[in-house]
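Student: Sequence and computational prediction follow.
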Amino acid sequence: MVPELPPLPALTRAEGELVDAYLEVVDLLGKINPSRSTHTYGALRAAQALVGRAEALLEALTLMHMRGENEVHADTLARALRVLDGERRTGRVTVPHTRPS
């Protein structure tokens, strides 16, 4: 049985798009990460897709700014990222710790 996830916090549409686009960029960066990838083709495909997802991220931030959403509510967005497994997903972007010999 899958545990029930906490509900997402209330987000504006643009904030939701920001979180989604950010996590998509993070996922692609994780696939490109040379310390974690195993094949160049997968990393190449992720790098190609990164351009489009970076544009979606730019559009979400631009929309927020144009609507007068000039502040990022970091605590609320962090809660949304946690619900969407952001901690695990962002961990793939980092260099893995080496184990002592």
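Tutor: That came through fine. Numbering: from 1, shown residues only.

Student: Sketch out the helices for the chain, chain order is fine.
Tutor: 13-32, 40-66, 74-83, 86-91 (DSSP state H).

Student: most centrally placed residue in this structure?
Tutor: Geometric centre of the chain, nearest residue: residue 23, 1.7 Å, by C-alpha atoms, centre = their mean.

Student: Hmm, residue 89 and it touching each other?
Tutor: Yes: Residue 23 is within contact range of residue 89, at 5.9 Å (criterion: C-beta atoms under 8 Å). Glycine gets a C-beta too; all of them are placed from N, C-alpha and C.

Student: related to what we said a few turns ago, highest mean neighbour count out of the helices of the chain?
Tutor: Of those, the one with the most neighbours on average (mean count of other C-beta atoms under 10 Å) is helix 13-32, at a mean of 19.

Student: And that one, how far out from the chain middle?
Tutor: Centre-to-centre, helix 13-32 and its host chain are 3 Å apart (C-alpha atoms, centre = their mean, to the nearest Å).

Student: Extract the C-alpha trace of that helix and format it as CSV.
Tutor: Extracted as CSV, the C-alpha positions of helix 13-32 are listed here (Å, rounded to 0.1, in the frame of the first residue of the first chain):
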residue,chain,number,x,y,z
ARG,A,13,-0.7,28.7,-11.6
ALA,A,14,2.6,30.4,-12.4
GLU,A,15,4.1,29.1,-9.2
GLY,A,16,3.0,25.6,-10.1
GLU,A,17,4.5,25.9,-13.5
LEU,A,18,7.7,27.3,-12.0
VAL,A,19,8.0,24.2,-9.7
ASP,A,20,7.2,21.8,-12.5
ALA,A,21,9.6,23.3,-14.9
TYR,A,22,12.3,23.6,-12.2
LEU,A,23,12.0,19.9,-11.4
GLU,A,24,12.1,18.9,-15.0
VAL,A,25,15.3,20.9,-15.4
VAL,A,26,16.7,19.2,-12.3
ASP,A,27,15.8,15.8,-13.7
LEU,A,28,17.5,16.5,-16.9
LEU,A,29,20.6,17.8,-15.2
GLY,A,30,20.7,14.6,-13.1
LYS,A,31,20.7,12.6,-16.4
ILE,A,32,23.5,14.8,-17.7
